[in-house]
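In: quick one, fold the following:
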Amino acid sequence: MKYSVVVIGEHTLISQALEEIINTFKAFYVLYTCKSEAELMGSFLRSSKNIPDIVLMDTSLSVMSEIETVKWIADNYPKLHVVALSAREDHKMILKVLQAGATGYLLKDTSKKEFEKALIRLVNHGFYHAEKITRILANSMEEKTPSKESMFKNNELVFMRLACSELTYKEIAEKMYLSPKTIDGYRDNLFTKLEVRNRVGLVMYAIKNNIFIP
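Out: A predicted model of the protein is given here:
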């Protein structure tokens with residue numbers, strides 16, 4: 001099975017280079033490219049045949065706030081993975097993008113091999129951010145928030161810690177000797193309880209509250 005990717009970027013050369021790289025990956029292909037978020041939201045996504053599996057968004061775009069774009073996609077197409085591609089390592093920017101609903105954050109110095117790995121993890125696990133990003137986020141949290149473990153049942157805490165790993169939800173179910181349906185219930189309840197949009201939000205909460213220490 002091949003997964004479709006849409007590239008958004010105002011610089012044609014960069015978009016074309018990304019398209020060429022992605023099309024060499026065995027499991028992925030570029031469906032089309034856009035020069036702006038407005039172009040994607042205003043016309044392309046209106047047709048069901050144009051809805052990809054992944055949107056790769058260059059955060060240097062200036063037509064519209066990338067944060068607003070991520071939120072809009074997350075609200076209107078919750079199954080669509082949004083990956084921010086950026087040269088910025090500013091923890092505030094990373095947090096904002098992930099909290100808005102992005103399921104991945106890639107730095108522009110990422111290698112081709114790591115890039116492919118990131119896309120594979122996105123479709124298999126539902127989220128991806130490199131160890132470097134995890135360290136940036138962890139190091140940015142100088143004021144440690146008191147642990148809120150009392151808010152959760154023991155199995156919820158176990159699930160949260162495992163959700164911070166590379167395991168799929170199915171593999172987490174097997175490790176916890178529970179059914180996938182039960183694991184889905186833990187996930188949905190935690191998403192609601194913590195007011196997060198996706199697995200990235202869950203991971204961020206676990207790191208911030210010392211439930212999981214990278």
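In: secondary structure class for S4?
Out: Secondary structure state of S4, per DSSP: H, G, I helix; E, B strand; the rest coil, is strand.
In: got a pLDDT number for it?
Out: pLDDT, S4: 96.
In: do the same with the one 5 residues further on
Out: The predicted local distance difference test score for G9 is 86.
In: measure how buried it is and give me the count.
Out: 23 (other Cβ atoms under 10 Å). Using the backbone N, CA and C atoms, a C-beta is placed for each residue, glycine as well.
In: do the same with F28
Out: 22.
In: just the one 10 residues further on next, same as before
Out: The criterion is other Cβ under 10 Å. On that basis, A38 has 14 neighbouring residues.
In: check which helix or strand it maps to.
Out: helix 37-42 (DSSP states H and E).
In: which strands and helices lie in contact with the helix or strand following that helix?
Out: Of the helices and strands lying after helix 37-42 in sequence (DSSP H and E), the nearest is strand 54-58. Where contact means 3 or more Cβ pairs under 8 Å, 6 or more residues apart in numbering; DSSP states H and E, strand 54-58 is packed against strand 3-8, helix 12-22, helix 66-76, strand 81-86, helix 112-125.
In: partner strands of strand 54-58, with direction?
Out: strand 3-8 (parallel), strand 81-86 (parallel) (DSSP bridges).
In: helix or strand with the lowest mean pLDDT in the chain?
Out: Taking mean pLDDT, DSSP states H and E as the measure, the chain has helix 131-140 as its least confident helix or strand, at a mean of 67.
In: and the helix or strand following that helix, how far from the chain's centre?
Out: Downstream of helix 131-140, the first helix or strand assigned by DSSP H and E is helix 154-163. The chain centre lies 19 Å from the centre of helix 154-163; the measure is Cα atoms, centre = their mean, to the nearest Å.
In: so, low pLDDT: which residues of the chain?
Out: Where the chain drops to pLDDT under 70, the residues are 60-65, 134-150, 213-214.
In: hmm, back to that, turn the strands paired with strand 54-58 into JSON lines, including mean neighbour count and distance to N124.
Out: Listed next are the strands paired with strand 54-58 as JSON lines, based on neighbours: other Cβ atoms under 10 Å; distance: least, Cβ to Cβ, whole Å:
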{"stretch": "strand 3-8", "mean neighbour count": "22", "distance to N124": "10"}
{"stretch": "strand 81-86", "mean neighbour count": "24", "distance to N124": "11"}
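In: and those strands: which comes nearest F212?
Out: strand 81-86 (21.8 Å; Cβ to Cβ).
In: taking the centroid of this structure, which residue is nearest it?
Out: T103 (1.0 Å; Cα atoms, centre = their mean).
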